Each structure stands twice: as structure tokens, then as C-alpha cells.
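Undergrad: Predicted model, plus sequence, below.
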Amino acid sequence: MTKEYKAAPIYVTRPSLPELEDFIPSLREIWDSKILTNGGPFHEKFEQQLCEYLGVKQIALFANATIGLVTALQALRITGEVITTPYSFVATAHSLLWNGIKPVFVDIDPHTLNLDPSKIEAAITPQTTAIMPVHVYGHPCDVDAIQAIADTYGLKVIYDAAHAFGVQCHCGSVLQHGDLAVLSFHATKVFTTFEGGAIVCPDEKSRQRINYLKNFGFADEVTVVAPGINGKMSEFNAALGLLQLKNIDGALAERKVIDERYRAGLADVAGIRCLQSAGEMRSNYAYFPILVQPDYPLARDALYQKMRDQGIYVRRYFYPLISDFPMYRGLPSAAHSNLPVAKKMAAQILCLPIYPGLPHDQVDRVLELLRVGTYLSGKLGGKLRAL
Ligand code: T4K
């Protein structure tokens, strides 16, 4: 028998915030100094401490990751065609369109759901100038294989690392890979500054160009070197970021416990596949994606609806595919025949709630509901999928 739940809603994520009292002294400092933005003291300190925490050389802070992606492409003077994944948040491809670049979609790997390196070469044309892969859910791409292709064909690599805060691969921070990597600090991310983002750069020269570009192109008071944009992070976001750095390890540890609880609880549920790590040395447990496979008694959308009816706001990240949105679907590379794996995965994906502070009995409530599908199916002789 199903149980009637009248509990509070459970969202796919909730931001992890410091105590308000701990933020007040920073706010007072900002009020007193009246330095609100344009690279103030909190901004400078946050950049420094982020580099140390993440183990990277240079960082340029941004107002959000989308402006970061747009600027990264400008900084590297990318034009023509860029190879990218259809399986991501729409901002990835939008950053290309904002630069007048044609996205060329390549299919994904069925295990990691990241861009499949073995399919990249066939998509390269004389117009290709770069590859924009995404570390989806914070699982690292096959960075070595992608770099080898980029080196062979003289392409730049810009990682959309919006999900990859704190992730380490075989050689340290995954953010060191590629020519540039772009982080998001949006409210829904493992590390949030309300809104925010950053570009991880290999050296001071590239950071300098990025800093000009994010400040209207100003190199000094009277010199404008490029048609830059306003992508600056404010002092408020930077001050919050500094506080967040103090709590991030605890937050990741809490996520890990929830991740393990889901995995243990789903191990014997037929038709539900949990995504495995992509070999990272340190994960950030940013999302908990499951694949609802054909042998699960409910179709993915029926399960999605059933959970929402119970106040559990799971999400279908990333369905629909970017390549199915109107501004992309006319591209030859957007054809479903070109993206069979992405199409299949987008139809099966469901992201379960995971965030620090999510009570374990709520995780169990989610698990119970996932098991109810199996129970009901038994009662109905496996006919539930057709209902
Ligand atoms: N690249 C990738 C791969 C990305 O995933 C993203 C963003 C970007 C680039 C661009 O990064 P930014 O320019 O945003 O820095 C969310 C986010 O808005 C988006 O940032 C994120 N990816 C994407 C995966 O998810 P929605 O439309 O699903 O968010 P929303 O508002 O429905 O929030 C989901 C749940 O989170 C809510 O049900 C409750 C909770 N929530 C949300 C917000 C905004 C809160 O508790 N508090 C909040 O303030 O897009």
C-alpha cells in the first residue's frame, strides 16, 4: 500500500549558506568602505583564496558562468565552428551563438554522459577552431583524449566546468585542463556566491586579457582594447564566497553521505542505474543522476510526475537536449541520428535531491518512492509502464 505524504516539499537542491550573523561583519565593511564592485578588496582576497583552495594558478571572477563562457571564447578569439555536447544546460551552446559561432554537436559517452572523444575527429572541418566539452554533474571528461585531439588539429579547448568545483582527476584539479575552464557559483551549485562564476586561466597574460574583456575592454582609464562586456563580480558576492570557502569541505562531506545512502538504497532496485564516477580522485557530489531504464516498471516521465505529486521536485537535467531547442534543431549536427546516445540518456535521466542539510529521512522517503514503483509493478503483473 502506498503511504500518504503530507511532508514539506523536497527540492532537487538548496543552497548551502553560512549563518547570517557571520556575513554581517563583511556587509558592514562594504557599507563603511563604500567599495561595492570593480575589483575591491573582497574580490582580490577571494580570487587569491580560491586559487589556493582549488589548486589552480590564476582565476578571474565573474558575475555568472554564462558571461564567463562568452568571455572565454572572446579571450581566445574563437570563430567559425566549435565542437560541443548537446547534453548540458543551454548556456553552454548559447555562449557560442552570442559570439556568432556555429555549434557542432557530437554525441556523448554512455557511461559518463560527457562528450565522447572517439566521435570528435569525424566532426572536425576546416572551420573548426575549438572544442567546448562539459564536465557534466562534475564528472571529469576524458581530458587527455580531448587534449590529444586538440593538439593534433591545433584546436583550443574551453571546458564548461560549471559543475566541477573542487573536483580532482588523476593529476590534481580538473580545472587545470584545457586552455580555459569556466566555473559557476549559481545558487544551485555546490559552491555558491548567490550568482557568480570564474574563469580558470593558465597564466597572468590570459587573465589580464580576460580582466579587460569583463570590464568593457578597459586597459586603463583612457584605453579600450576590445569591445568588452560587464562581467564583474560584486564585493557582496566575493565576500560571501570567502565565507563559503570556510564551509565547503563540510558541505562536500555531507553530500558524500547522501550519495552513498542513495547508492546503497538503489542497489537492488531493478531498472534504476546510478551514474558511476568517471575516475575522479575527489568528487563533489554536485548531482545525483539516475537513469530510469526500460525494465523499471514506470516510464521516466511517469516517475517524475509521481514524485512531484508527492512533493519531491526531482529534475530532468538535461532533457530536452540543447540540440532540440528551436535555435539549434536546424543544424545538421542536431539530427537525432547523429546523437543516439544523448537522445537515449536524456529520455532516461532524473536528478534526485542532494544538498547539505537534506535530512536522511527525506532521502529515505525518496528511496521508498522509487521502490514503490517496483512494488506496484509486481501487483499489476508488470503492466504499470503502459498505464
Ligand atoms: N553551464 C552549465 C553546464 C550549467 O549547468 C549552467 C547552469 C551554466 C553553464 C550557467 O551557469 P550560470 O550562468 O547560471 O552561472 C538551474 C540554474 O539556474 C543554472 O544555473 C544551472 N546551470 C542549471 C543546471 O540549473 P533551473 O532552471 O533548473 O533552476 P531553478 O530555479 O528551477 O532551481 C532549481 C531548484 O533549486 C529549485 O527548485 C529550488 C532550488 N533553488 C534555486 C534557486 C535559484 C533554491 O533553493 N534557491 C535559489 O535561489 O536552472
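TA: Happy to help now that I have it.

Undergrad: What residues does the residue at minimal distance from the centre of the chain make contact with?
TA: Geometric centre of the chain, nearest residue: residue 163, 2.8 Å, by CA atoms, centre = their mean. By CB atoms under 8 Å, 6 or more residues apart in numbering, the residues touching residue 163 are 134-138, 184, 189-190, 284, 286-287. (Glycine included, C-beta is placed from N, CA and C.)

Undergrad: Show me how to select, in ChimeraX, the buried members of the residues you listed.
TA: Applied in ChimeraX, the following selects the buried portion of those according to 16 or more other CB atoms under 10 Å:
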select :134,135,136,137,138,184,189,190,284,286,287
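
Undergrad: what does the stretch 51-200 of the chain have sitting close to the ligand?
TA: By CB under 6 Å from any ligand atom, the residues of the stretch 51-200 of the chain that approach the ligand are 64-66, 88-89, 91-92, 134, 160, 162-163, 184, 186-188, 197.

Undergrad: quick one: contacts for the residue nearest to the residue nearest to the centre of the chain when sequence neighbours are not counted?
TA: Nearest non-adjacent residue to residue 163, counting by CB to CB, 6 or more residues apart in numbering: residue 138, 4.4 Å away. Contact partners of residue 138, counting by CB under 8 Å, 6+ apart, are 163-165, 167, 190, 280, 283-287.

Undergrad: Run through the stretch 101-250 of the chain and note the low-pLDDT ranges.
TA: Under the criterion pLDDT under 70, no range of the stretch 101-250 of the chain is flagged.

Undergrad: list the helices and strands the strand or helix carrying residue 159 packs on?
TA: For residue 159, the enclosing helix or strand under DSSP states H and E is strand 156-160. Judged by 3 or more CB pairs under 8 Å, 6 or more residues apart in numbering; DSSP states H and E, the packing partners of strand 156-160 are helix 65-75, strand 128-132, helix 143-153, strand 180-184.

Undergrad: would you list the ones you listed in a markdown table and tack on distance to residue 347?
TA: Shown next, in a markdown table, are the helices and strands packed on strand 156-160 (distance: least, CB to CB, whole Å):
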| stretch | distance to residue 347 |
| --- | --- |
| helix 65-75 | 26 |
| strand 128-132 | 24 |
| helix 143-153 | 26 |
| strand 180-184 | 25 |
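
Undergrad: looking at those, which is buried most?
TA: Highest mean neighbour count among the helices and strands packed on strand 156-160 (mean count of other CB atoms under 10 Å): strand 180-184, with a mean of 29.

Undergrad: pull the CA atoms of that strand into CSV?
TA: What follows is strand 180-184, C-alpha atoms only, in CSV (Å, rounded to 0.1, in the frame of the first residue of the first chain):
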residue,chain,number,x,y,z
LEU,A,180,40.4,27.9,-20.1
ALA,A,181,37.8,26.4,-17.7
VAL,A,182,34.6,28.2,-16.5
LEU,A,183,33.0,27.6,-13.1
SER,A,184,29.5,28.6,-11.9
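
Undergrad: Which secondary structure elements does that strand sit against?
TA: Counting by 3+ CB pairs under 8 Å, 6+ apart, strand 180-184 packs on helix 65-75, strand 156-160, strand 197-201.

Undergrad: what sits up against that strand?
TA: In contact with strand 180-184 (CB under 8 Å, 6+ apart) are residues 62, 64-65, 68-69, 72, 75-76, 158-165, 174-175, 196-202, 206, 210.

Undergrad: any idea of the angle that strand forms with strand 128-132?
TA: 40 degrees (axes from the mean of the first three to the mean of the last three CA atoms, to 10 degrees).

Undergrad: Strand 180-184 to strand 156-160, inter-axis angle?
TA: Strand 180-184 and strand 156-160 are oriented at 10 degrees to each other (the same axes, to 10 degrees).

Undergrad: List the neighbouring strands of strand 180-184 plus their orientation.
TA: When pairing is defined by DSSP bridges, strand 180-184 lines up against strand 156-160 (parallel), strand 197-201 (antiparallel).

Undergrad: Out of the ones you listed, which is the most enclosed?
TA: Ranked by mean neighbour count, those are led by strand 197-201 with a mean of 27 (mean count of other CB under 10 Å).

Undergrad: how many neighbours does residue 18 have?
TA: 14 (other CB atoms under 10 Å).

Undergrad: Kindly report the same for residue 98.
TA: 17.

Undergrad: so how far is the ligand from residue 243?
TA: Per CB to the nearest ligand atom, to the nearest Å, residue 243 is found 17 Å from the ligand.

Undergrad: An error on my part: the question was meant for residue 216.
TA: Residue 216 is 19 Å from the ligand, where distance means CB to the nearest ligand atom.

Undergrad: Skip the chain neighbours and tell me the closest residue to that residue.
TA: residue 228 (4.6 Å).

Undergrad: Which secondary structure state does that neighbour sit in?
TA: In three-state terms, and counting by DSSP: H, G, I helix; E, B strand; the rest coil, residue 228 is coil.

Undergrad: No further queries at this time; thank you.
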